[in-house]
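# no sequence on this one, just coordinates:
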């Protein structure tokens, strides 16, 4: 389990997170009475009070395209109209240098506010696909299965939740009992008969024992686990009650389609 977690963090989570950090690293705000701010408003484009350099540059490029400012045969050069010439004090601009021309019209947002904006955007925008093996291979994970799928053994055990390993073992034992309406054709092949109490749900008649996990993933619900980053990866160093731990765990669970959805609005 530790290896799975560390591999997920180092090869998936961290690279994508670092990319988002770089994407939201720098923020600008227009200087008072900026000609460039007035120019983009004149062309019916709006920016938030705080914005990223890429957002402003993108708008300028859209206006340049709409106004046919791109140099003929060279889309890396913009031949400026009169208003933009006054803004940038030049007649044409090499697009990769547009960032530096914009700097005279903006103030760079200070680090404290910049961190607030960056964290807010990453929280809303960041997505990472979580490998489900983290759930299925975790011995502390608990799963619920409708009683009819394991009837013959459920009454004996008097349990309603199981680990993934126990659940697979239990289901195989259940389908191996001939009186359950399932015929074991050989060591690995099974046939579902019409007398089976879940024959209607299964849209197939034959299956192999190696397909049992795929079947169970469709008829069970994941209820949660007790392991987390601290218990599985003790070599990772965090401060006590570090919110980063809980943010990562919440993100893992939030983007796990095995968990039930929590509505955005709750009513009584």
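Yep, that arrived. Bear in mind that the values here come from a model prediction, so they are computed numbers and not experimental data. Numbers count the residues shown, from 1 in each chain.
# what are the ranges of the strands in the stretch 51-200 of the chain?
Taking DSSP state E, counting those that start in this stretch as the test, the strands found in the stretch 51-200 of the chain are 70-71, 74-79, 92-94, 106-108, 142-144, 161-162, 182-184, 189-192.
# Which residues belonging to stretch 213-232 are considered buried?
Using 16 or more other Cβ atoms under 10 Å as the test for burial, stretch 213-232 gives 215, 216, 219, 220, 222, 225, 227, 228, 229, 232. C-beta here means a position set from N, CA and C on the backbone, and glycine is covered the same way.
# ok, the third one - contacts?
In other words, residue 219. 145, 146, 149, 201 (Cβ atoms under 8 Å, 6 or more residues apart in numbering).
# ok, now with 7 Å
Residues near residue 219 by Cβ atoms under 7 Å, 6 or more residues apart in numbering: 145, 146, 149.
# Which one (most neighbours) among the residues you listed?
residue 149 (20 neighbours; other Cβ atoms under 10 Å).
# Now flag whichever of the contacts of residue 219 is closest to residue 103.
residue 145 (60.9 Å; Cβ to Cβ).
# So the closest one versus residue 166, what's the distance?
From residue 145 across to residue 166, the span is 11 Å (Cβ to Cβ, to the nearest Å).
# In TSV: the strands of the stretch 51-200 of the chain, plus mean pLDDT and distance to residue 129.
Output for these, formatted as TSV (pLDDT from 0 to 100; distance: least, Cβ to Cβ, whole Å):
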stretch	mean pLDDT	distance to residue 129
strand 70-71	96	38
strand 74-79	96	35
strand 92-94	96	39
strand 106-108	97	34
strand 142-144	90	21
strand 161-162	88	26
strand 182-184	88	35
strand 189-192	91	32
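# Give the burial count for residue 111, as a bare number.
A total of 10 residues lie near residue 111 under the criterion other Cβ under 10 Å.
# Quick check: the gap between it and residue 56.
20 Å.
# do residue 115 as well
Distance from residue 115 to residue 56, by Cβ to Cβ: 20 Å.
# okay, those two: which has more neighbours?
Legend: neighbour count by other Cβ under 10 Å for residue 115 and residue 56, higher for residue 56 (22 against 14).
# where does the more buried one land on pLDDT?
Note for residue 56: predicted pLDDT of 97.
# Could you do residue 261 as well?
Reported pLDDT for residue 261: 63.
# How is this protein divided into domains?
Following automatic domain parsing, one finds the domains of the chain at 28-108, 142-223.
# How far off centre is the shortest one?
In this case it means domain 28-108. Once both centres are worked out by Cα atoms, centre = their mean, to the nearest Å, domain 28-108 turns out to sit 33 Å from its chain's centre.
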